[in-house]
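J.: could you look at this predicted model? Sequence included:
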Amino acid sequence: MEFPRRGLLLLPLAGLAAAQAAIRGTWTARMGETVLMGAWTARRDAAGVDGWGTWTLTEPSGKLLAEGTWSARKVLDAWEGGWMAEVKSGISQSGSWKAETELPAEAHLIRFFESAIGAIQRGEFDAVGGKSGTWAIRAAEQ
């Protein structure tokens, strides 16, 4: 399986030490006919505005293919951010992601991930090399 390639700069991971406990979940993505899957964690900065976390890409058998980090910031009625990962072959990949939300304007990013406990949340991603696709997340009960 070829990992997507195209990228933007990752936002700073501010407030790491002051972040709260992580919310965890699973994700799936579709890039053309290719289906990707893995797990994620989400944390917020001390002010609760920006968010960051980790993610993994796995085979259906559970074998780890890549792991990385992501970050995001609220822009109007959407969350926008960047991601990066290191594929097990040692190659680094990066890109951007976006999720529109119906949450109130004052809602913090962590609320978006908390809402994935009761409903699937969706968005789009771009990767280095001009590839793009859609993703969906579900959070685990806390």
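T.: Yep, that arrived.
J.: mind listing what's buried along stretch 108-118?
T.: 108-110, 112-116 (16 or more other CB atoms under 10 Å). (Glycine included, C-beta is placed from N, CA and C.)
J.: for the residue sitting nearest the centre point of the chain, which non-adjacent residue is closest in space?
T.: By CA atoms, centre = their mean, the mean C-alpha position of the chain lies nearest to W70, the distance being 5.5 Å. Distance criterion CB to CB, 6 or more residues apart in numbering; nearest residue to W70, sequence neighbours excluded, is W83 at 4.1 Å.
J.: ok, T58 next?
T.: T58 sits nearest to G38 (CB to CB, 6+ apart), 4.9 Å away.
J.: how near is the one you found to D126?
T.: Applying CB to CB, to the nearest Å, the value for G38 to D126 is 18 Å.
J.: can you name the residues that contact L57?
T.: 3, 36-38, 64-67, 85, 87 (CB atoms under 8 Å, 6 or more residues apart in numbering).
J.: and it, helix, strand or coil?
T.: strand (DSSP: H, G, I helix; E, B strand; the rest coil).
J.: pLDDT wise, what is the closest residue to it other than its chain neighbours at?
T.: Excluding the flanking residues, the one nearest L57 by CB to CB, 6+ apart is A66, at 4.1 Å. At A66, the model reports a pLDDT of 92.
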